[in-house]
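In: Compute the structure for the input listed below.
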Amino acid sequence: MTDADRHASLIAAHETRLKALLAGDLELLQTVVGEDMVFISATGGTTTRADVIAAYNAGTMEIIRMDASDISTRIYGDIGILIYTADGKTRHGVTTVEGMTRSTTVYAFRDGGWQMISQHQSRIE
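Out: Just a heads-up that it's a prediction; the model follows:
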């Protein structure tokens, strides 16, 4: 795989993850999110893949909108990093959060594909 192909496949995995979240497609989501994933929200909360799956199954989590722009990628061996701006609207329990964030997302290349293993968001004021 060429360097350009690796960057393109990383962005494709990111787009697949967003598609799965928006559709609530947990089977697809689990192909691009590692079991060891840790997400740190713009408010400092932490969530694991198991937490996300449980919340979707319980109907307490929904990604209503998630538009990514200004995507940049870096790849170091089997680790890929995406930095991007997100315009999103999410519901978790009775709380709905809407706004712009800057996200740093780390993927690991495993078993022939990229899996998200970490993400940190910062709110854009």
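In: With adjacent residues omitted, what lies nearest to the residue most central in space within the chain?
Out: The chain has residue 17 as the residue nearest its centroid, 5.9 Å off, counting by CA atoms, centre = their mean. The shortest distance from residue 17 to any non-neighbouring residue, by CB to CB, 6 or more residues apart in numbering, is to residue 32 (4.6 Å). Quick note: C-beta positions are derived from backbone N, CA and C, even for glycine.
In: quick one: that neighbour and residue 113 touch, right?
Out: Yes: assessed by CB atoms under 8 Å, residue 32 is found in contact with residue 113 at 7.2 Å.
In: joint contacts of the two?
Out: Residues touching both residue 32 and residue 113 (CB atoms under 8 Å, 6 or more residues apart in numbering) are residue 13.
In: Please identify which of those two sits among more neighbours.
Out: residue 32 (22 against 14; other CB atoms under 10 Å).
In: ok, the more buried one - contacts?
Out: Taking CB under 8 Å, 6+ apart, we find residue 32 in contact with 13, 16-17, 20, 113-116.
In: In the protein, which helix is the longest?
Out: helix 3-23 (DSSP state H).
In: before we move on, back to that, just read off the phi/psi values of the residue nearest to residue 17.
Out: In terms of degrees, to the nearest 10, the main-chain angles of residue 32 are phi -120, psi 0.
In: Please tell me how far it sits from residue 98.
Out: Using CB to CB, to the nearest Å, we find residue 32 at a distance of 24 Å from residue 98.
In: swap in residue 9?
Out: Separation of residue 9 from residue 98 (CB to CB): 31 Å.
In: Looking at those two now, which is surrounded by more residues?
Out: When neighbours are counted by other CB under 10 Å, residue 9 comes out ahead of the other of residue 9 and residue 98, with 18 against 11.
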